[in-house]
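**Student:** here's my sequence, what's the structure:
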Amino acid sequence: MANAEQYRATFELVDVDGDGFISPGELKSLMRALGQEISDTRAVEVVVAADANRDGKISLEEFAVLMERGVA
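**Tutor:** Residues are numbered from 1 along each chain as shown. Have a look, this model is predicted:
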C-alpha cells in the first residue's frame, strides 16, 4: 500500500471543501490545474476506480494509491 502521509499536503490542497474526501468535482479541478481537462464522466470514472470502499469519494489512503498508479 502507498504511504498516504507523503500525499497528505497534496490531498489537502485538492480537498477544497475540507471534508476529508475528494469528490469528482475536486478531482476535475485538480486535473485542470495540472493542464489536463477531463470530462465529468471521466472524473466520476476515476473516482469509482479509486474508491476502494465504495462510498462515492476518495479518502487520503485511496488518493495515495491513485497517485502511485497515476491519475486519469
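
**Student:** what sits against residue 47?
**Tutor:** Counting by C-beta atoms under 8 Å, 6 or more residues apart in numbering, residue 47 makes contact with 22-24, 27, 56-58. All C-beta spots, glycine's among them, are computed from the backbone N, C-alpha and C.

**Student:** give me the neighbour count for residue 59.
**Tutor:** As a burial measure, the neighbour count of residue 59 was computed by other C-beta atoms under 10 Å and equals 19.

**Student:** quick one: it and residue 20 touch, right?
**Tutor:** Yes: in this structure residue 59 lies within contact range of residue 20 using C-beta atoms under 8 Å: 7.2 Å.

**Student:** picking that back up, need the buried ones from the contacts of residue 47 selected in ChimeraX.
**Tutor:** Here is the ChimeraX command that selects the buried residues among those (16 or more other C-beta atoms under 10 Å):
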select :22,23,24,27,57,58
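
**Student:** show me which pair in the contacts of residue 47 is furthest apart.
**Tutor:** The largest separation in the contacts of residue 47, counting by C-beta to C-beta, is between 27 and 56 at 12.1 Å.

**Student:** hmm, back to that, sitting in helices, which of the contacts of residue 47 do you find?
**Tutor:** By the criterion of DSSP state H, membership of these in helices covers 24, 27.

**Student:** next, format the contacts of residue 47 as TSV and append pLDDT.
**Tutor:** TSV is the format used below for the contacts of residue 47 (pLDDT from 0 to 100):
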residue	pLDDT
22	96
23	95
24	94
27	90
56	92
57	94
58	96
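
**Student:** switch the contacts of residue 47 over to CSV; also include distance to residue 70.
**Tutor:** Supplementary listing: these in CSV, determined by distance: C-beta to C-beta, whole Å:
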residue, distance to residue 70
22, 16
23, 20
24, 18
27, 13
56, 22
57, 20
58, 14
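
**Student:** low-confidence ranges in this structure?
**Tutor:** Counting by pLDDT under 70, the low-confidence segments of the chain come to 1-2, 71-72.

**Student:** done for today, thanks.
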